[in-house]
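1. Coordinates only, no sequence provided:
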């Protein structure tokens, strides 16, 4: 029943994380680079470090309406400690909220693998994938957004990925899918911020299983701000919503 | 039932966080500075930005043994999504785990206020506070550690706070309390990493109510790494602990 | 580092909970009585068993609007497993949501202790307590409700507590406080369901620290129903609320 | 954006759950029957009511070692409110912990459907299913246990299901699979308590998607007892485990 961990060795007055003394990391290596270290086991190049910093910032907050913000604020409103309410927000990060990063990264990574195996070009594999999705009536994860038709975060992330020479096959595939979707469906389904992150972390060789982790690690800052605002500016148990609901259960009845 | 928020305005293709376009923050302002923005409403000076970066890194991880790591890994072991397990780790951040930052910051901020009100020197107020705690048999939050007698993170944070000219009255008070504790109790009770953070965020004029937030925002990275390691390197429901327990309830009995 | 537990002894093919074989409890002792056993260490009398059953049912659900229902449904909407969403609902049970049971029970238990110590009648202590609260501008926990002026659950619980001969000093004190509140404030502040439970569990000699536990143990059934309904009848990430919010942060500005 | 709910209608002084006034349910209908009502929309027959009561009790607790108990106690140890710690325990209920009820119920329900479609006997379908699992090197969920070779809860539940005339095709299939497993693998893989519940709730016509809900609704009582015991009998942040871990990350190194 021995445990094994590559993360941190703790001895009295001595803390080693992936080989580095914590006191040397502190203040010498930017925190987002340390996040990269924790997820990859190695410090990033300057370019990868800048990219992960940008990805974290791109996830910080989307205002009061996403499930995570509402969950965090509603739970805070019950009168609980700050970390309890922040955790409630994090619990809502699931297949439908932030999950497109994970699914999108898997989709792109599978696509690129298949492209290589079948000796296709990126253009060819993009066409094949969109065609298959159309036939199966499936959505490709990472395209389309409830609010934004041209998400400013997406554009910015792709510009950075180009500048930092990180954009590669996954990013290309993503952009070609966007074009192909417009052709095949005759409707714009722009890459959303989740889709952009999927492509870029894939080009940075991250495991798609970490997809939700990037969202979580950026969004936790916004959730903390929401909980703090709720706790310091609002009354507990304030009436937050006017829910217009219809009770469609059985009509009133007597006990049998 | 109107809501009010200072955090983020969301309009189609337009996201403003505390006045700044998110696409301008992304990749131009380091993520830890954005965290500061979210907690304070203003971007930090270069020095404050560097300091908050260092504070986040100082909280990243303390290996497999803290309650938060165990909670995260045990919950991961039940076979749940990554964010669910990370959130479980965050739930353990409470008065006894990370809570010393909050309580320590309140203690120091109250101390400095009282010093000014009563026209005392830092030395005088340190003596008064330690004397009172001794009389009341209370511990001062932020001093002493289960593992480290001379925590390398503490030293590093204080060096940085000096270099960045952030260290002020709260840091002085903290160091004088450490000396006074040794005199009065004849035993070293060194400032621990929570205590150092308490002092420094107080000198940065943060509300003590945010104490647990700094710990949470740094530690979430380590917890994510632990959950990912558990999910990818270990079997679900592995036997993690040999708990040596004594059942001291009623002896076996018949139903009445 | 030995653990001690009075709850359950586990040996191969042998499970003893507070002295009783689990296979003898199953189907012979009603589940609510087993809940009582877990909280008290002893099986209840027939009357106490019936009372705790009624208390659990009185907490099952209050529709879609309480923080716990919203948190559970919003988190479910993110696309997560059922237990994750139910847990999010439970997280919202705090000082302001369900917390009145705990605070109310403490208030009544302290009141009855003081009555005995100071040799007062229940009428006298009720007057003293209401007077003090009025002077301190404090609310007495367990009185008044956002929706109900005459909560049908409260009446029913008190009728049962009388029938089962459980109602005692704490229930009397609670009812006298209600009368006194009306006199002193010239406004009806009826005992709410939390207040009724506070009084009755106090007359059953439960520790007030368990106040939130009763609410949680009943409400978990309603939360499970809400999550199941959300997961099976609604689309993930459906638009649940029209939040009318005002952004009152800084006006749009350039990076410094 | 209208909501629809069959669960509870809330009007001033009037609460209707699945058609029944809450004040009529309280104390007249046993709480486990109300749980059934919340999950099914109808009150149970006397037999089904007794069965669900037994199922809830069969899940109450398995001592200090399961992930849910450890998560709850470890989080409690961080110094947080009772519901936060109970929720942490619930978060660990996943595919590997309690999940066998869900997967087992799906397996049996699919099996019985296939039996009918293909016009097979229960014996025949049991043989087919075990053969297929052997070929695919897959485990059938609900068989085998870490601790118990002959789980007393399993036996008791099956006896009750027989007595109450609830045991039907799913229970038969389950028992025949057990026999077939022993024949084919030459090793006893007894039905465990999760497996028994899978079979019985399937014979009660519950949706397999509710599998984890039954476990959760029973176990929440044990978790509450563990958290209360931890909070009242133990010190916060007590040393709970001696984790024997090997750090197998990179050797100590200098920053690049």
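-> The structure has been received and is ready for your questions. Since this is a predicted model, take the numbers as computed values, not measurements.

2. Quick one: residues contacting the spatially closest residue to residue A:151 that is not a sequence neighbour.
-> Nearest non-adjacent residue to residue A:151, counting by C-beta to C-beta, 6 or more residues apart in numbering or on different chains: residue A:193, 5.3 Å away. (Each C-beta comes from the backbone N, C-alpha and C, glycine too.) Contacts for residue A:193 (C-beta atoms under 8 Å, 6 or more residues apart in numbering or on different chains) come out as A:58-59, A:145, A:151, A:153-154, A:157.

3. Identify those among those that sit within helices.
-> When DSSP state H is applied, the contacts of residue A:193 are split such that A:58, A:153-154, A:157 fall in helices.

4. Which two of those residues have the greatest separation?
-> Using C-beta to C-beta, the two most remote members of the ones in helices among the contacts of residue A:193 are A:58 and A:154, lying 8.5 Å apart.

5. who's more crowded, these two?
-> Between residue A:58 and residue A:154, counted using other C-beta atoms under 10 Å in any protein chain shown, residue A:58 has the larger neighbour count: 29 against 23.

6. thought that one was touching residue B:26?
-> Yes - taking contacts as C-beta atoms under 8 Å, residue A:58 lies within contact range of residue B:26: 5.1 Å.

7. Show me whatever sits in contact with both of the two.
-> Joint contacts of residue A:58 and residue B:26 (C-beta under 8 Å, 6+ apart) are A:153, A:156-157.

8. Which ones among the residues you listed also lie next to chain B?
-> A:153, A:156-157 (C-beta under 8 Å from any C-beta of the partner chain).

9. Only the buried subset of the contacts of residue A:193, as a PyMOL command please.
-> Entered in PyMOL, the line below selects the buried ones among the contacts of residue A:193, by 16 or more other C-beta atoms under 10 Å in any protein chain shown:
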select buried, chain A and resi 58+59+145+151+153+154+157
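
10. and which of the contacts of residue A:193 is nearest to residue A:227?
-> Among the contacts of residue A:193, and counting by C-beta to C-beta, the member closest to residue A:227 is residue A:59, at 16.8 Å.

11. Model confidence for that closest one, exactly?
-> pLDDT, residue A:59: 98.

12. show me the contacts for it.
-> If you count contacts by C-beta under 8 Å, 6+ apart, residue A:59 has them with A:193, A:197, A:214-215, A:217-219.

13. what's the burial count for residue A:106?
-> Neighbours of residue A:106 (other C-beta under 10 Å): 17.

14. nope, residue A:239 is what I meant
-> 10.

15. from what I can see it touches residue B:3, true?
-> No - counting by C-beta under 8 Å, residue A:239 stays clear of residue B:3, with 10.9 Å between them.

16. Spatially nearest residue to residue A:7 (excluding sequence neighbours)?
-> residue B:225 (5.2 Å).

17. Ramachandran coordinates for that neighbour?
-> Main-chain dihedrals, residue B:225, degrees, to the nearest 10: phi -60, psi -40.

18. and the gap between it and residue B:64?
-> With distances taken as C-beta to C-beta, to the nearest Å, residue B:225 is found 11 Å from residue B:64.

19. which of those two has more neighbours?
-> Higher neighbour count among residue B:225 and residue B:64: residue B:225, with 29 against 24, using other C-beta under 10 Å.

20. Tell me which residues touch residue A:248, please.
-> Contacts of residue A:248 (C-beta under 8 Å, 6+ apart): D:4-6.

21. so which of those residues also contact chain C?
-> Contacts with chain C within the contacts of residue A:248, as defined by C-beta under 8 Å from any C-beta: D:4-6.

22. Identify the residue spatially nearest to residue A:223, adjacent ones excluded.
-> residue A:89 (4.0 Å).

23. Now the one you found: phi and psi?
-> Residue A:89 adopts backbone torsions of phi -60, psi -40, taken as degrees, to the nearest 10.

24. And the one 4 residues further on, by the same measure?
-> Taking degrees, to the nearest 10, you get phi -70, psi 110 for the backbone angles of residue A:93.

25. cool, and residue A:20?
-> Backbone torsions for residue A:20, taken as degrees, to the nearest 10, come to phi -100, psi 140.

26. so it sits right up against residue D:251, yeah?
-> No - checked against C-beta under 8 Å, the pair residue A:20 and residue D:251 is beyond contact range at 10.7 Å.

27. Compare these two and say which is more crowded by neighbours.
-> residue A:20 (22 against 8).

28. Find me the pLDDT at the more buried one, would you?
-> The predicted local confidence for residue A:20 is 98.

29. In contact with it, which residues are there?
-> Applying C-beta under 8 Å, 6+ apart, the residues contacting residue A:20 are A:29, A:37, A:43, D:252-253, D:255.

30. Quick one: those residues as a markdown table, columns for distance to residue D:246 too.
-> Shown next, in a markdown table, are the contacts of residue A:20 (distance: C-beta to C-beta, whole Å):
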| residue | distance to residue D:246 |
| --- | --- |
| A:29 | 25 |
| A:37 | 20 |
| A:43 | 23 |
| D:252 | 15 |
| D:253 | 18 |
| D:255 | 24 |
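
31. Check the residues you listed and tell me the two furthest apart.
-> The most widely separated members of those, counting by C-beta to C-beta, are A:29 and D:252 (15.4 Å).

32. Settle it for me: which of the two has more neighbours?
-> Higher neighbour count among residue A:29 and residue D:252: residue A:29, with 21 against 11, using other C-beta under 10 Å.

33. Hmm, residue B:58 and that one touching each other?
-> No - the pair residue A:29 / residue B:58 is not scored as a contact, 11.9 Å apart, by C-beta under 8 Å.

34. Residue numbers of the stretch 151-256 of chain A in contact with chain D?
-> Along the stretch 151-256 of chain A, the residues adjacent to chain D under the rule C-beta under 8 Å from any C-beta are A:243-256.
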